[in-house]
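1. let me see the structure of the following:
(2 chains)
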Amino acid sequence: MLSVVSCKKEFYTKANVNPNSPNAVPDAVLLSGAEVAMGYVQGGDMSRFASMFVQQTTGVSRQAAAYYSYVFTNQDPETMWDNLYDDVMENDMVLMKQAAKEGNHAYYGAAQIMMAYSLQLMVDEWGSIPYSQALQGGAQLYPSYDNDKGLYDTIMNLCSRGIANLDPTLDANDHNSPGSDDVIYGGNGANWVKFAHAIKARLYIHQSYIKSTSTNVVAMADSALAEAGRSFGSYADDAQVMFGASATNNNPWYQFNTQRGDIEFAYTNYTPGNYGTFSDSLVKEADPRYSMLIDSAGEATGADAGLGTFYGGPTGVVEFSTYAEMQFVSAEAVLRGAVGVAQTYYMNGLMANMTKLGVSSGAQTTFMAGPWGTLSVVPATALIQNAWEENIALYLNPEAWTLWRRCNWNITPTNGSSGVPRRLLYPQSEIGLNTSASATAAAATQWSPKVFWDK
Amino acid sequence: MKQIVRLAAVFFAMVLCTSMYAQTRVISGTVKDENGKPLPFLAVQVKGTTIGTYTDTAGKFSLTVDQTAKTLVLSYPGMKTQESAITDNMTITMSADVLGLNELVVTAVGITAEKKSLGYATQEVNSDQLNTSGTSNVMNELEGKVSGLSVVSSAGDPGAGTNIVLRGVTSLTGNNQPLIVVDGVPIDNSINNYDPTDAGAGAGGSAGNLTSGTQPTNRGLDINPSDIESINVLKGPAATALYGINAASGAIVITTKKGKKGGTGLGIEFNSSLTWSTYNKLPDRQDQWTQGTKGLWYGPPSGAGRKFSWGAKMDTMYWTGTPNEWFKDGSSMVGQSTAHTGSAVTPFNAYNFFQTGVANDNNIAVSGGTDRSSFRMSLGNLKQTGIIPGSDYRKTSFNINGSSALSKKLSVSAGIDFVNSTTDKVQQGSNISSVMLGLLRTPPTFDNSYGQKNPVDSTAYVTPSGGQRDFRGGPGYDNPYWTVNRNPFISKLNRVFGYGMAEYIINDWIRLRYRIGGDAYWQDDKNAYDIGSNAFSAGAIFMNNYFNSQYNSDAQVIIDRQLNDKLKLNAILGQNFFQLNSSTRFAEGTGFIVPDFLDMSNATSYLASEGEAEKRTSAYYADITLAYASQLYFNLTTRSEISSTLPSNSDRFFYPSVSVGWVFTEFLHMSTNKILPYGKIRFSWAQVGKDAPISALQNYYHVASIVDGFTTGIQFPYNGLGGYELGNPLFVIGNSTLQPEKTNSTEIGLDLAFLQNKIKVSATYYSEDTHNEIFTVPVPYSTGFGAEIMNAGEITNKGIELTLDVTPVNLKNGFRWDLSINYSHNANEVVTLANGVKQLFLGGFQNGGVYAVPGMSYGQIYGNDYSHADGGAVGQTTGRNNLTAPLLINDNPGGFAAGQYYPYYDGSEASQALANTLPKWIGGLTSTFSFKGLSLGIVMTTRQGGYMWDGTLGAMEYFGTAQQTANRDGSQVFAGNMGHINAQGQVVHWDPTYTIELAGPGAANTTAAPTNQNYWQNIGNSFTGPTNSSIFNASYTRISQISLAYELPKKIIEKAHFTRVAITVFANNPVLWTKYPGVDPETSLGGPANGQGLDYFNNPNSKSYGVRLNVGL
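-> The predicted structure is shown next:
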């Protein structure tokens, strides 16, 4: 009997097939996977690092205390980099290929815009990163690094192609289209197109800061204003991920605060009343958003202030890009030379942000009547003022760090002479394993080389 | 292969030519041992001829002999060879060989061989050397008794796993533990583990990164030590080549006790032991400074400073006297000048948490036999409570085996074991529910027990409002009392394993043997976190069911032929078939409704998954031994195997072994020599192969999950939506081109016995080379994956093993002293990893983990150090990482991290290999004094060289609970050279005006800096500072066992119809000598997995004392 058995090859090969995992899956589960992963990654280390750099939050204990003082090792950005490539972009890539093959334009377009968004965040945090040879698994184990400036063109191109693929006349013939599986927009293609324009607006406004090419600045500002205008029409269009009530679906900040609690939001510094920079400023400015962003109910009894439920509840939101941000981008574009009325955009941004957070219209009116309601007439001051309000609207959003690197409002560094980090270290895995990039990656510090637009 | 066939043909031809004789008569007889027990398969040979036969199953033989034949020569392993004059119907009694040179050992695939015939090293441990001490895990019993065998128990927890490695690590990330074989059948020694607090590393197995959760068990634990007759350790590939793939890391061959044939009625053995255990070593805690920060007291529930023990000096403080739910002596602490009604502040002893564990082990066995049949039945029960409240282990095992000679030609035997156990495990390691983590971070002025003595009294860990009472009064770490009561982990096991065997005698030189063995178990793990637990504040429950079954079939033709008066052939031709099926069922429920009701039905949302794995292998093998004149033994084995885990075009592989043993004392006719009666030289060469992991050949989609290092993350389904990701498993690229991994091994050895066996020496040198390793090779994440399963890498192991057995004193009055010493040294080198892979993570943490690093031994502690004062070449940034240069002492006024005059550390120091976790040598000593019925035994073990990462200390220093931080009001001149790192990452120093940066380090530091909170929290610890500040030499020497046994004289007990009554008092692990600052260095965060040498809130080890009674009827 045994010899009969051993002759049949299938007897062995069949045993080795994993019956619990499929070999192919529909577009829907790839899109959901990538979107939720992106939300979680952005709301995780990416948000924590950036919010500590711009001092929206304060690291008080363990690793967070070290990060707050800019003490980073090459291991620290590892998880974030890993999650971005493995959980977000690999899924986007698989979905792009699969949807293209199956002729599902809407999925294809959404995947391209998701990829564009991931790349934009990564380039702004690291500069040059692998993309053109990346995400190919065993076929290319040592992906080379693409130049950061070139990657901006790639992102722009992904957005344009994504917009084209989301043309409703094409989608009408799709076999499958996104619906409830699209946790960002529920399959609303028009909103995806707005998101793509928002990403483009970001790319232009970032580049409008390159001082050496002043003519370019205006062109970039013009384009930023135009793209922002094609983006979200109201905060109802915001690109964002809402988290779930189940413990395995909870918001990343909520998970961090309940499981770690090493970061404080209104840092009492052991002496009640001595707030951290951000919360201190909000209190000083009598900003009605303070009580929305920060849960200071227990402060009177000496308890630590927590994160408000809007961003810090179990089902709290992680925003990718918002209408308010786009309005501040438009105001900045005008302040950098584009044609328009900065004050209008500034006011729209402020009020949209406050409305979304749930500030009453009365409180809004009071605040708008105060010194922060009107942009300064001095352009340089107005730029900082606009940036500061955008920073509040970008609470816990890594874009706030990019904004600071461009607009440079005053932040007192917490440590050392080199100041606030200008970029993230490359992870140890890249330095150690990627033979195509090890020299570049190993030589980078938190201050150099700067991302190409950060001069 | 051709040569083997040719060789076999020659032998068969020789065999056929031996049966032509005339003038014959038939003789017959029976052969028995001294107890009258028949001896089957005993060689009977006419002296001076090749005519011979073997006794049948009843010890009877008949033989056609030449008329002139006068004398028979009878030989039997373990017996003195003797000659008998030929008569009719002979009854011959053989006597045991007192010299013990014909000792029998069980080797691969159930072969019984004379030890002297072996060309490779094996070492036996018999029941006398086991079982004396009341330990529950038989693998721990091997420690110190076998050369070349490293045994590390992972903690003192009942039911904790054990890491055993023979002759060093050969597999980078695969299983490195030897195969366990019971009565010829391989049994499962898996690690089944799930850790819900770390979704990324929750998986078990040898490559699992077990840094949190509970101590995993390896299933070898299930064997009942009381049923073991002997254990033979097959060390090298030559010894195990016949076992194939599963024994590439050596084999531990266990023979269970059997009933005796021809016995006189029933024999009953009973033994019972009672053992008390306590912790043996814990880290030192400071007891002078209160909870708080910056010299001020802060306590729960508010004030960020409550997280630390950097408060006021205790002897300056008083309790207010008004108790609250956190403090019994006063709601807060005040200075001496403030009015109060309370008492002076004194420290609480956190270690009062531990208790005395008690173990009660009872075993009863009944055995008996007739001339043709025998049986043995045993029942064992163990009840053990651990040193941590709530931890326990309860096991009942039942074993029955029997054998019968059904006819002259056919004998059958079978045995079966049933095991039922329940383990209550406690949380450990890097886990906010970890008992040690919560306990050691607790400030000395916070009483976790709230004055309660009973560990289950909820007053200690639940506040009147129903929340958890812990020193932070909120998120942070679970109160250890909460953990042991509200975060239970219950593991239940039912297991059956056994064998059936038939042996048929075809003629006087060919036998057939068939053995089938099975091993099936069901392990049911349930882990819950009550509402209010810090890891799952809404409550959670996790259930894991593991179903495992494996079958092993061996069909063998056994040839045993005296070819002529000098040359003897033993050959085994066999076929092996092996099948493994394992299934897992997982269910998770979160969000409890009712507090303190830890049941799946109490959850509000659920997740579930299943897993199936299957593997089949089939092999043909041959084992051919040629013995020349009982002095020269030549052995050849081959195995050709097919495995289902390999790609179908390369799934068959072949591996051979050759060994030679030469008993040179026989050649020199020295067997009666007074000084050196026995000496053997042995040599072997072998190659063994290993297949791939199950289902590693292609990619699949897996349910998506996202974790980061700080949170448990997202697990799909997400609000009812599915999510999938590609990989095998997640983030790993499958590979359809895998080839078997191969180990080549060469071994030479010498065995000598001097002075009538009073001194026995055995020495072995071996060299092994494992290449084409199959492992999960890390690749840059930018590929979209984290790793690919590949063939790459090479590991070598070279070593020496020495054993010495001496009987220094053996007096006529019965006083005897036996001494056995063993020593082993293994030099391991990870020669290469994969292309571009400069280090391979094995276990632990990113900064404070163990790695494989090319050119170094396996298990390097990897991480960073302070900057060093080496400018390196001009413009270079690497000098600061030169570990041999003095430290760089920060010259930035008010500068970086801790500040001026402290060692410079900014975290950008390069990670590198810092220390080696493997010992330089390990040794054991067993000394036994016996006099009449008394015997005193001592076992000592030592492990020298090898470092351990004490992350526990690093964290305790950060939180201010370590004794090391008691010096916080002092200061110290840190030795090194002044300087700092500039923006380009180079070592520079300031000129005297602090305006110009000069290249390289400056002058030596002479200024003292305070060893205060700033120092300890910033750079003085490995928690936020450099890894290297927590690496310590983990060498130790311990007395692992002492036992004093008294065997009542036969004269007394025979009257009461006892055959044996013995009482033993013993101590396990009573004395430990080590400079390691933490818990016992023989604990392991990684449990039985490959990542050894890490200590991060490891549960402590135990020492125990007990008494045992053995009664025979």
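2. quick check: which element contains B:Glu641?
-> strand B:632-643 (DSSP states H and E).
3. for the helix or strand that comes right after that strand, buried residues please.
-> Following strand B:632-643 in sequence order, the next helix or strand is strand B:652-663 (DSSP H and E). Across strand B:652-663, burial judged by 16 or more other Cβ atoms under 10 Å in any protein chain shown covers B:Arg652, B:Phe653, B:Tyr655, B:Pro656, B:Ser657, B:Val658, B:Ser659, B:Val660, B:Gly661, B:Trp662, B:Val663. Heads up, the C-betas are built off the backbone N, CA and C, glycines and all.
4. beta partners of the first one?
-> What that stands for is B:Arg652. B:Arg652 has these beta-bridge partners by DSSP bridges: B:Ile642.
5. which residues touch it?
-> B:Arg652 makes contact with B:Ser640, B:Glu641, B:Ile642 under the criterion Cβ atoms under 8 Å, 6 or more residues apart in numbering or on different chains.
6. then the second one?
-> Applying Cβ under 8 Å, 6+ apart, one finds that B:Phe653 lies in contact with B:Ser640, B:Glu641, B:Ser643, B:Leu646, B:Gly689, B:Pro740.
7. go again with 7 Å.
-> Each residue near B:Phe653 by Cβ atoms under 7 Å, 6 or more residues apart in numbering or on different chains is listed here: B:Glu641, B:Gly689, B:Pro740.
8. distance check, it against chain A.
-> 13 Å (Cβ to the nearest Cβ, to the nearest Å).
9. how about that residue, nearest residue that isn't a chain neighbour?
-> Leaving out its chain neighbours, the residue that sits closest to B:Phe653 by Cβ to Cβ, 6 or more residues apart in numbering or on different chains is B:Pro740, at 4.6 Å.
10. the fifth one too?
-> Leaving aside its sequence neighbours, B:Ser657 sits nearest to B:Ala686 (Cβ to Cβ, 6+ apart; 3.4 Å).
11. what of the fourth one?
-> Sequence neighbours aside, B:Thr638 is the residue nearest to B:Pro656 in space, at 4.7 Å (criterion: Cβ to Cβ, 6+ apart).
12. so the one residue in the stretch 1001-1113 of chain B that gets nearest to chain A, which of the three states?
-> Closest to chain A within the stretch 1001-1113 of chain B is B:Thr1024: 5.0 Å, counting by Cβ to the nearest Cβ. The three-state label for B:Thr1024, taken from DSSP: H, G, I helix; E, B strand; the rest coil, comes out as coil.
13. excluding its backbone neighbours, what's nearest it?
-> Among residues not flanking B:Thr1024 along the chain, A:Ala66 sits closest, at 5.0 Å (Cβ to Cβ, 6+ apart).
14. from the contact counts, what lies against the helix or strand that neighbour falls within?
-> Using DSSP H and E, A:Ala66 maps to helix A:62-68. Helices and strands touching helix A:62-68, by 3 or more Cβ pairs under 7 Å, 6 or more residues apart in numbering or on different chains; DSSP states H and E, are helix A:47-53, strand A:58-59.
15. quick one: distance of stretch A:247-264 to the chain centre.
-> Centre-to-centre, stretch A:247-264 and its host chain are 18 Å apart (Cα atoms, centre = their mean, to the nearest Å).
16. could I get it in CSV with only the CA atoms?
-> This file holds the C-alpha atoms of stretch A:247-264, laid out as CSV (Å, rounded to 0.1, in the frame of the first residue of the first chain):
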residue,chain,number,x,y,z
ALA,A,247,-11.9,47.0,20.0
THR,A,248,-10.1,45.7,16.9
ASN,A,249,-11.4,48.6,14.8
ASN,A,250,-10.7,51.5,17.2
ASN,A,251,-9.1,54.8,16.2
PRO,A,252,-5.2,54.7,16.5
TRP,A,253,-5.0,57.7,18.9
TYR,A,254,-7.6,56.1,21.1
GLN,A,255,-5.7,52.8,21.1
PHE,A,256,-2.4,54.7,21.9
ASN,A,257,-3.9,56.7,24.7
THR,A,258,-5.6,53.7,26.4
GLN,A,259,-2.8,51.3,25.8
ARG,A,260,0.3,53.5,26.2
GLY,A,261,-0.6,57.0,27.5
ASP,A,262,2.9,58.4,27.0
ILE,A,263,1.7,61.5,25.2
GLU,A,264,-0.1,64.5,26.8
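17. pLDDT below threshold where in the stretch 101-250 of chain A?
-> The stretch 101-250 of chain A contains residues with pLDDT under 70 at A:210-215.
18. ok, now with 50
-> Scanning the stretch 101-250 of chain A for pLDDT under 50 picks out A:212.
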